[in-house]
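> Generate a structure from the sequence data that follows.
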Amino acid sequence: MKPGEHEDWVEPFRNRLVRRAAAGLREQTGRLAVARRARRKLRDLVARSSPPNWLRTRDDLAFRYLRGDGIEIGALYWPLRVPGAARIRYVDHTGGDELRRLYPEPAELVAPDVVDEAEHLSKFEDESLDFVIANHVLEHVEDPIQALHTFLRVLRPGGIVFLTLPDARRTFDGRRTRTTVEHLLRDHREGPEVSRREHYEEIARIIDSVPEDQVAQRADEMASERARHHFHVWELETFVALLLELQLPVDIETVQATGFEFAVILRKRPG
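Next up is the predicted model:
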């Protein structure tokens with residue numbers, strides 16, 4: 001082979017290889033781009049068709065933490081979905097017929113297995129349960145400190161308290177005064193009747209929007225009905241401040257804000 005002949009055929013061959021590689025890379029890049037677009041479309045479709053974020057969060061936490069025998073308080077029309085490893089009974093402050101009268105929703109109501117008050121759970125023995133679920137319950141309870149102590153009383157060591165509460169910043173309670181730790185401690189110490197009237201009047205003014213000259217009458221009506229409105233109003237931070245102040249024998253496993261509510265998972269310490 002004469003000098004220079006090698007370059008005459010090698011260079012065109014190298015150029016063809018480069019062009020083929022470039023074409024292959026463009027084709028592969030195009031396929032990847034199509035796949036990425038398809039994945040994005042699928043993700044968006046799933047996001048539009050899945051349950052709301054707060055409901056997915058509840059499901060995820062329930063399947064992560066709930067096992068054994070437990071109760072859900074105040075399930076009404078929205079019972080928590082629990083894993084197969086969880087055996088559950090439903091508790092409410094009155095029977096199914098009265099609950100339907102109080103909460104006339106066009107859906108199927110979960111009739112309680114046990115009629116009992118959240119603050120006391122007097123029909124349950126000490127350390128007899130593995131979990132207690134109370135979704136949007138504590139804001140309706142006049143003495144939530146007593147309720148938290150009761151939940152822990154009926155739990156075995158290592159048991160779970162599963163709580164969700166409305167975040168006042170994202171609900172109709174937004175204009176109401178946040179419940180302070182001092183307020184709750186006073187109610188627990190002196191009895192909730194010391195502030196009951198104050199709660200009813202605030203609800204009449206802010207939630208019912210009645211004229212000032214009718215606030216007293218509306219508060220009287222709620223008192224005669226023993227209405228179970230939102231006695232207490234929290235944001236995530238103010239509720240966690242209460243837990244820290246109480247120094248309960250628990251580990252805070254999870255605190256998670258999801259839209260209009262927040263979730264708190266507590267685990268009872270042994271001993």
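> Quick check: the gap between residue 250 and residue 113.
To residue 113, residue 250 is 26 Å away according to C-beta to C-beta, to the nearest Å. Every residue, glycine included, has its C-beta placed from N, CA and C.
> Hmm, I typed the wrong one, I wanted residue 240.
Taking C-beta to C-beta, one finds residue 240 at 32 Å from residue 113.
> Ok, residue 237 next?
Distance from residue 237 to residue 113, by C-beta to C-beta: 35 Å.
> Wait, a strand at residue 132?
Yes. Using DSSP: H, G, I helix; E, B strand; the rest coil, the assignment for residue 132 is a strand.
> That one reaches residue 159, doesn't it?
Yes. Applying C-beta atoms under 8 Å, one finds residue 132 in contact with residue 159, separated by 7.5 Å.
> These two - which one has more neighbours?
Neighbours were tallied for residue 132 and for residue 159 using other C-beta atoms under 10 Å; the higher tally belongs to residue 132 (29 against 23).
> residue contacts, the residue nearest to that one when sequence neighbours are not counted?
Leaving aside its chain neighbours, residue 132 sits nearest to residue 151 (4.5 Å; criterion: C-beta to C-beta, 6 or more residues apart in numbering). Shown in contact with residue 151 (C-beta atoms under 8 Å, 6 or more residues apart in numbering): 121, 132, 134, 161.
> In this structure, where is pLDDT below threshold?
Residues of the chain that meet the criterion pLDDT under 70 lie in 1-51.
> Would you agree residue 202 is in contact with residue 176?
Yes. Contact criterion C-beta under 8 Å: residue 202 and residue 176 qualify, at 6.1 Å.
> Neighbour count for the two, which is higher?
More neighbours surround residue 202 than the other of residue 202 and residue 176, with 21 against 18 (other C-beta under 10 Å).
> Can you give me the distance of the more buried one to residue 175?
10 Å.
> Phi and psi next, for the residue nearest to residue 260 when sequence neighbours are not counted.
Excluding the flanking residues, the one nearest residue 260 by C-beta to C-beta, 6+ apart is residue 170, at 4.3 Å. As for residue 170, its main-chain torsions (degrees, to the nearest 10) stand at phi -120, psi 20.
> mind listing the helices for this protein?
5-49, 53-65, 96-102, 144-154, 181-190, 193-202, 215-225, 236-246 (DSSP state H).
> Might you report the residue contacts of residue 105?
Here residue 105 is in contact with 76-77 (criterion: C-beta under 8 Å, 6+ apart).
> Flag every buried residue along stretch 228-242.
229-236, 239, 242 (16 or more other C-beta atoms under 10 Å).
> actually stretch 136-154, sorry about that
137-148, 150-154.
> Same question for stretch 184-199.
184, 187-188, 192, 195-196, 199.
> who's in contact with it?
In contact with stretch 184-199 (C-beta under 8 Å, 6+ apart) are residues 142-146, 183, 219, 223, 229, 231-232, 242, 245.
> Adding distance to residue 209 as columns, could you present those residues in a markdown table?
Formatted as a markdown table, these follow (distance: C-beta to C-beta, whole Å):
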| residue | distance to residue 209 |
| --- | --- |
| 142 | 23 |
| 143 | 28 |
| 144 | 26 |
| 145 | 30 |
| 146 | 31 |
| 183 | 23 |
| 219 | 14 |
| 223 | 19 |
| 229 | 14 |
| 231 | 19 |
| 232 | 20 |
| 242 | 29 |
| 245 | 33 |
